[in-house]
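Visitor: Sharing a model that was predicted from the sequence below.
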Amino acid sequence: MSFQSELTEEEAREQVDTAVEENEVVLFMKGNRLMPQCGYSKRAVQLISQYRAEFETVDVLPALPEFRVALEEKSGWETTPQAFVDGEFIGGSDILAELDERGELAEQVQSEP
């Protein structure tokens, strides 16, 4: 999902809400799933991709300050990447890795049969 750059904070909030509401799994990250722009984003994509072929990514770099505010308001988490599943905040790459180690990530992100 690509969004315009130079957003107001209100526009960023609307785009975050829309992405979370319209996608079963969405990852807000630096870059996109084909070209992550930081190690944490790359790790998050790899972790989710193990269990789910299709999920949405949103590149926050074009409007990072605005997305940072909007995401923190939505999740209470101030860093990216941020994963949401079924409208609920799951966590960043470290939390995804912990869930994976405990065998819980697959259950969280896999689509219902």
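Guide: Received it, and whenever you're ready, just let me know what you need.
Visitor: Gln110: neighbouring residues, count only.
Guide: Using other Cβ atoms under 10 Å, Gln110 has 13 neighbouring residues. Every residue, glycine included, has its C-beta placed from N, CA and C.
Visitor: nearest residue to it other than its sequence neighbours?
Guide: Distances taken as Cβ to Cβ, 6 or more residues apart in numbering place Tyr51 nearest to Gln110, at 5.2 Å, with adjacent residues excluded.
Visitor: Distance check, that neighbour against Lys42.
Guide: Distance from Tyr51 to Lys42, counting by Cβ to Cβ, to the nearest Å: 16 Å.
Visitor: same thing with Thr57?
Guide: Look at Thr57 and Lys42: by Cβ to Cβ, they are 11 Å apart.
Visitor: before we move on, what about Leu34?
Guide: Taking Cβ to Cβ, one finds Leu34 at 11 Å from Lys42.
Visitor: Neighbour count: those two, which is higher?
Guide: Per other Cβ under 10 Å, whichever of Leu34 and Lys42 has more neighbours is Lys42, with 18 against 7.
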